[in-house]
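sequence isn't available, so here's the structure alone:
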C-alpha cells in the first residue's frame with residue numbers, strides 16, 4: 001500500500017512544480033504581479049518485516065513496521081511586474097541571499113577541499 005501511495009505522489013510531482021513556483025496573478029497598488037518562489041518538497045515511505053533475534057534487551061518476536069511522511073518549503077524570491085519596457089522580474093533580495101547562501105558555501109567548501117588535496121599532494125612529492 002505504501003508503494004502505491006509513493007508512486008501516486010511521484011507521478012503528480014511534475015504537475016505541481018509550475019503551479020507552486022508561480023503564484024496566482026494579483027493586483028497590488030494598481031499593478032498586476034505574479035509572485036515567484038523556489039519550491040522544494042519531498043516525501044517517503046517505509047516498511048519492514050522479519051523475525052527479531054533475542055537479545056538481552058529484547059525478547060524474540062516478530063518484526064513489523066511501516067511509516068511515511070513528507071514536507072516542503074516555498075521561499076518567495078520575487079515577482080514579475082509590468083515595467084516601461086515590458087514585464088520584468090523584481091527580486092526579493094533577502095530571500096535570494098537565503099536561497100543562494102547554501103550554493104555559495106558548497107562551492108567554497110569544494111574549492112577548499114581541492115586546495116587541501118593539492119597541498120597534500122605537493123607535500124608528498
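Thanks, I have the structure now. Keep in mind the model is a prediction, meaning the values are calculated, not measured.

run through this structure and note the low-pLDDT ranges.
By pLDDT under 70, the weakly predicted segments of the chain are 1-3, 5-6, 9-19, 52-54, 56, 58-61.

all the strands of it, residue numbers only.
26-28, 31-52, 61-83, 86-91 (DSSP state E).

grab the most central residue of the chain for me.
residue 40 (3.4 Å; Cα atoms, centre = their mean).

can you give me the distance of that one to residue 107?
Relative to residue 107, residue 40 is positioned 19 Å away (Cβ to Cβ, to the nearest Å). For glycine as for every other residue, the C-beta is placed from the backbone atoms N, C-alpha and C.

next one: residue 87
Taking Cβ to Cβ, one finds residue 87 at 31 Å from residue 107.

cool, and residue 74?
From residue 74 to residue 107 the distance is 24 Å (Cβ to Cβ).

and if you look at residue 76?
From residue 76 to residue 107 the distance is 24 Å (Cβ to Cβ).

do residue 73 as well
22 Å.

and residue 23, what does it touch?
34, 35, 36, 37 (Cβ atoms under 8 Å, 6 or more residues apart in numbering).
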